[in-house]
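> Let's see this in three dimensions:
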Amino acid sequence: MAFRQWTLSLPSKLRWVVVKDAKLLRAVERCLTKAIFRFQRRRAKQLGVVGKPKSGAVCFTQLFNGHLALQPHSHLLVAEGVWSGGTFVPLPPPEQEELEAVLKRLLQRLRRLLAPRRHVGPRQ
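As a prediction, this is how the structure comes out:
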């Protein structure tokens, strides 16, 4: 079974916001996961998978980058396929246009989630 790593890093203006609010950080992770799972289910249906395909992933978040600067980012390790009726169905790697569509959907969700908080940051 193959896996694909998806990584989400937030812009600097939002980093303090999510670090101070663990529930918000988890909500950002859920947005990422839902956008990817939605893409996989749609793709599986296009390839003829019947029933209700299920995706699987493991997510972990790092709060700092390699230079120990604050940079919360999520890594999502996603199975490169879906489970349907107890059987794993591999999916082909996403095309560039599909990746862009997942990103567009994710950004729409994140804008709604983070809009009330986007100007909050550390005191200067």
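
> Nearest the middle, which residue of this protein would you pick?
L32 (2.2 Å; Cα atoms, centre = their mean).

> isn't that residue right next to H75, touching?
No. Using Cβ atoms under 8 Å, L32 makes no contact with H75, being 9.9 Å away. From N, CA and C alone the C-beta is placed, and that goes for glycine too.

> any residues in contact with both of those two?
Overlap of the contact sets of L32 and H75 (by Cβ atoms under 8 Å, 6 or more residues apart in numbering) consists of 6, 59.

> Now the host helix or strand of A44: buried residues?
Element membership for A44, per DSSP states H and E: helix 22-46. Neighbour-count burial for helix 22-46, counted by 16 or more other Cβ atoms under 10 Å, picks out 24-25, 28-29, 31-33, 35-37, 39-41, 43-44.

> Between helix 22-46 and the lowest-mean-pLDDT helix or strand in the chain, find me the angle.
Lowest by mean pLDDT, DSSP states H and E among the helices and strands of the chain is helix 12-20, with a mean of 84. On the basis of axes from the mean of the first three to the mean of the last three Cα atoms, to 10 degrees, helix 12-20 is oriented at 110 degrees to helix 22-46.

> Packing partners of helix 12-20?
Under the contact criterion of 3 or more Cβ pairs under 8 Å, 6 or more residues apart in numbering; DSSP states H and E, helix 12-20 touches helix 22-46, strand 70-79.
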